[in-house]
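*Asks:* One predicted model, sequence on top.
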Protein chains: 2
Amino acid sequence: MNTVTGTRDPDLTRERILEAAHALFVAKGFAAVSMREVAARSGVTKSLIHHHFGSKEALWELVKERAFSAYAEGQQAELRQADAPDAALLTNAVIRYFAFLQANPEVVRLFAWSHLDADQSCGRLDAELVRLGAERVRQAQQRGLLRADVNPAHVVTMFVNGCTQWFTARTHHSQWPGVGNDQEYLDDFLKIFMEGLLPRT
Amino acid sequence: MNTVTGTRDPDLTRERILEAAHALFVAKGFAAVSMREVAARSGVTKSLIHHHFGSKEALWELVKERAFSAYAEGQQAELRQADAPDAALLTNAVIRYFAFLQANPEVVRLFAWSHLDADQSCGRLDAELVRLGAERVRQAQQRGLLRADVNPAHVVTMFVNGCTQWFTARTHHSQWPGVGNDQEYLDDFLKIFMEGLLPRT
DNA sequence: TCATGAATTGACCGGTCGGCCAGTTAATTG
DNA sequence: CAATTAACTGGCCGACCGGTCAATTCATGA
């Protein structure tokens, strides 16, 4: 129902339900969210959600699928726009990835819920991303720009982990003595990570 | 109730309830576990759990508190037994920490649930650990064994993150092309991490 | 030995859960 | 302009939720 024109608009209705479900699932996880909450937040009847999406599980899967495919598309675009692979390119990739997670905390939380779910589906979206990233690293290794004695996939994994976990465990880190802000952590991470990746002399 | 002697044993009963609750909370998280499940698994009545622990929330807090303090004690013991800080000491600390998480996957999951809860209490236990670890790193820096232009707390954070997230996101990594097993990842992580921490020439 | 209090039980409470269904309203289409 | 289909509603279902309570069993110590 379009509240402006008073006319029916099933697409808009679906969108509103998905938005509400997204916000609630991100905040509380699947089990702690009720269909009644989603209904109240999206301004529709509980029955209507079932009409459009079938079940709570189906809604949850759709919310994850949408979020992760948006994430994967954005990241693939980032990866493709870059050109010749060198060390600075990797540095920039880390900076951009870190900034993305910083600007999209709901993606971080959705990843965390999905990990605890042992969700298989969203890992598949990552796979192509990792393949592309690792390919870049491998090219840089062949050109002698990065050390060649490490698995390119592990290089990608390591920086994704380093960025993701920083935001996932934010409530912990904020209580740790001496730990700085986002920028300060990123700077030190890059110092160590990039230096560790230089070719051995 | 002690099933062997048929006699009452409230301490054992509490222990059994805690064990059952631990297993279920680790597997499914707070919201998805019911008191009836805990009761069934521990072989006692739901009322008895309330008698001993008060409420579901209290039981959850106790489960986390026990697990995290056991974790913190074990790690502090590890930290104290080591002597003169050098680069090899840090390498060994990473190896041991990684092995600990590998052997205690329920700790990893409990951490993840706690992060999503925005739980403050367990971060405080970490604080002392991080302080001790960072102190070691700072000593090594002063002796010129590790580069001095990075925040010691960030060094600790980085290796904790690198290890933790590896196990947290295991279901994802296992689908990523080219990613190896635990040992292979740890080896590459150490290569990059330790090399990146050497003093600049 | 017997009284006291803790351990333990099962029945029960009000409330919420996800899902279903019959019915109504509004677009679409032939 | 009917007829058909999809969008949408409110009420209801059985199951389950966390929690309470009175009653019972048992260990213990005076």
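*Replies:* Sure, I can see it.
*Asks:* Just want the residue of chain A that's nearest DNA strand C.
*Replies:* Using Cβ to the nearest atom of the strand, A:S34 is the residue of chain A that sits closest to DNA strand C, at 3.1 Å. C-beta coordinates here come from the backbone N, C-alpha and C atoms, glycine included.
*Asks:* quick one: that residue from chain B, how far?
*Replies:* 10 Å (Cβ to the nearest Cβ, to the nearest Å).
*Asks:* mind showing which ranges of chain A have poor pLDDT?
*Replies:* Counting by pLDDT under 70, chain A contains low-confidence residues at A:84-85, A:201.
*Asks:* Pick out the residue of it closest to chain B.
*Replies:* Nearest residue of chain A to chain B (Cβ to the nearest Cβ) works out as A:G196 at 2.8 Å.
*Asks:* and that residue, how many neighbours?
*Replies:* Here the number of neighbours of A:G196 (other Cβ atoms under 10 Å in any protein chain shown) works out to 22.
*Asks:* which residue sits closest to it, ignoring its sequence neighbours?
*Replies:* Distances taken as Cβ to Cβ, 6 or more residues apart in numbering or on different chains put B:G196 closest to A:G196, at 2.8 Å, once the chain neighbours are dropped.
*Asks:* At the contact with DNA strand C, which residues of chain A appear?
*Replies:* Contacts of chain A with DNA strand C, taken as Cβ under 7 Å from any atom of the strand, map to A:6-8, A:33-37, A:46-47, A:50, A:55-57.
*Asks:* can you tell me the helix or strand for A:R16?
*Replies:* For A:R16, the element it lies in under DSSP states H and E is helix A:10-28.
*Asks:* my bad, should have said A:P177
*Replies:* Counting by DSSP H and E, no helix or strand carries A:P177.
*Asks:* Isn't it up against B:G133?
*Replies:* No. Counting by Cβ atoms under 8 Å, A:P177 stays clear of B:G133, with 10.6 Å between them.
*Asks:* These two: which has the busier surroundings?
*Replies:* B:G133 (26 against 11).
*Asks:* now the helices: where do they sit in chain A?
*Replies:* Here chain A has its helices, by DSSP state H, at A:10-28, A:35-42, A:46-53, A:56-81, A:87-103, A:105-116, A:121-142, A:152-168, A:170-173, A:182-197.
*Asks:* I'd like those laid out as a markdown table, including distance to B:Q75.
*Replies:* Shown next, in a markdown table, are those (distance: least, Cβ to Cβ, whole Å):
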| stretch | distance to B:Q75 |
| --- | --- |
| helix A:10-28 | 30 |
| helix A:35-42 | 39 |
| helix A:46-53 | 45 |
| helix A:56-81 | 34 |
| helix A:87-103 | 27 |
| helix A:105-116 | 23 |
| helix A:121-142 | 30 |
| helix A:152-168 | 17 |
| helix A:170-173 | 14 |
| helix A:182-197 | 21 |
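*Asks:* hey, which of those is tucked in deepest?
*Replies:* Per-stretch averages of neighbours, counted by mean count of other Cβ atoms under 10 Å in any protein chain shown, single out helix A:152-168 among those, with a mean of 25.
*Asks:* Pull out the CA atoms of that helix and give them to me as CSV.
*Replies:* C-alpha atoms of helix A:152-168 as CSV (Å, rounded to 0.1, in the frame of the first residue of the first chain):
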residue,chain,number,x,y,z
PRO,A,152,47.7,-15.6,-2.5
ALA,A,153,44.3,-16.8,-1.2
HIS,A,154,45.7,-16.5,2.3
VAL,A,155,46.8,-13.0,1.7
VAL,A,156,43.3,-12.1,0.8
THR,A,157,41.9,-14.1,3.7
MET,A,158,44.2,-12.4,6.1
PHE,A,159,43.3,-8.9,5.2
VAL,A,160,39.6,-9.6,5.0
ASN,A,161,39.8,-11.2,8.5
GLY,A,162,41.8,-8.4,9.9
CYS,A,163,39.3,-5.8,8.7
THR,A,164,36.1,-7.8,9.5
GLN,A,165,37.0,-8.9,13.0
TRP,A,166,38.1,-5.4,13.9
PHE,A,167,34.5,-4.2,13.4
THR,A,168,32.9,-7.4,14.7
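*Asks:* what's near enough to touch the residue most central in space within chain A?
*Replies:* Chain A has A:V107 as the residue nearest its centroid, 4.2 Å off, counting by Cα atoms, centre = their mean. Listed by Cβ atoms under 8 Å, 6 or more residues apart in numbering or on different chains, the contact partners of A:V107 are A:A67, A:Y71, A:F100, A:L101.
*Asks:* residues contacting the first one?
*Replies:* Yep, that's A:A67 we're talking about. A:A67 is in contact with A:H22, A:E106, A:V107, A:L110, counting by Cβ under 8 Å, 6+ apart.
*Asks:* Determine which two of the residues you listed are furthest apart.
*Replies:* Between any two of the contacts of A:A67, the greatest separation by Cβ to Cβ is 10.8 Å, found for A:H22 and A:V107.
*Asks:* what sits up against stretch A:25-38?
*Replies:* Under the contact criterion Cβ under 8 Å, 6+ apart, stretch A:25-38 has outside partners A:17, A:20-21, A:24, A:46, A:49-50, A:56, A:59-60, A:63, A:106, A:109-110, A:113, A:117, B:28-32, B:116.
*Asks:* give me phi/psi at the nearest residue to A:H173 once chain neighbours are set aside?
*Replies:* Residue nearest to A:H173 in three dimensions, not counting chain neighbours: A:V179, with 5.1 Å by Cβ to Cβ, 6+ apart. The phi/psi pair for A:V179 (degrees, to the nearest 10) reads phi -80, psi 130.
*Asks:* ok, the closest residue to A:S114 other than its chain neighbours - contacts?
*Replies:* Among residues not flanking A:S114 along the chain, A:C122 sits closest, at 5.1 Å (Cβ to Cβ, 6+ apart). With contacts defined as Cβ under 8 Å, 6+ apart, A:C122 is in contact with A:K64, A:E65, A:F68, A:F111, A:S114, B:H172.
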